[in-house]
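Q: what follows is a predicted structure for the sequence shown.
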Amino acid sequence: MLCTTCKLIKDIIYTDDLGLHYCADCLETAPLPSEAKAIEFLYATVPFKVGDRVECRSDEGLDGVGVVEGIHFDSDHYGTPIWPTFSVALEEKSSDDVPDQALYLETYMSKVGND
């Protein structure tokens with residue numbers, strides 16, 4: 001698709017309310033009208049979405065396989081805009097010591113299944 005700013009055909013990662021398209025290189029110059037748009041962009045750039053099946057690990061090894069239930073950019077959930085955390089409900093736990101639900105950084109997760 002054509003980027004509104006640089007006029008090159010590139011992957012578009014953000015489209016504003018006016019329908020203007022921005023590539024990754026030009027997004028810095030995009031006029032983000034509100035904090036909501038910034039959060040919308042963050043949600044669009046995370047590697048996992050709510051509902052994804054993922055394998056989760058911790059420093060101790062494999063925790064199990066589960067489903068992403070939430071994405072957090074706030075410090076209350078130990079996340080940041082740069083390193084969000086993902087709430088995962090673990091359905092197949094590697095041991096009884098692993099909690100049913102936990103927060104993971106993307107570096108400790110990988111997608112499983114047909115996605």
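A: Okay, I see it. Everything numeric in this text was worked out from a predicted model, so none of it was measured.

Q: give me the below-cutoff pLDDT ranges for this structure.
A: 31-37, 39, 114-115 (pLDDT under 70).

Q: which residues touch stretch 106-113?
A: Under the criterion CB atoms under 8 Å, 6 or more residues apart in numbering, residues 46-48, 52-58, 65, 83-84, 86, 88 lie in contact with stretch 106-113. Yep, even glycine has a C-beta here, placed from its N, CA and C like the rest.

Q: go again using 7 Å as the cut-off
A: Pro47, Phe48, Asp52, Arg53, Val54, Glu55, Cys56, Arg57, Ser58, Val65, Phe86 (CB atoms under 7 Å, 6 or more residues apart in numbering).

Q: which of those are buried?
A: When burial is judged by neighbour count using 16 or more other CB atoms under 10 Å, the buried members of the contacts of stretch 106-113 are Phe48, Asp52, Arg53, Val54, Glu55, Cys56, Val65, Phe86.

Q: what sits closest to the third one if chain neighbours are left out?
A: Counting by CB to CB, 6 or more residues apart in numbering, Gly113 is the residue found nearest to Arg53 once chain neighbours are left out, at 4.6 Å.
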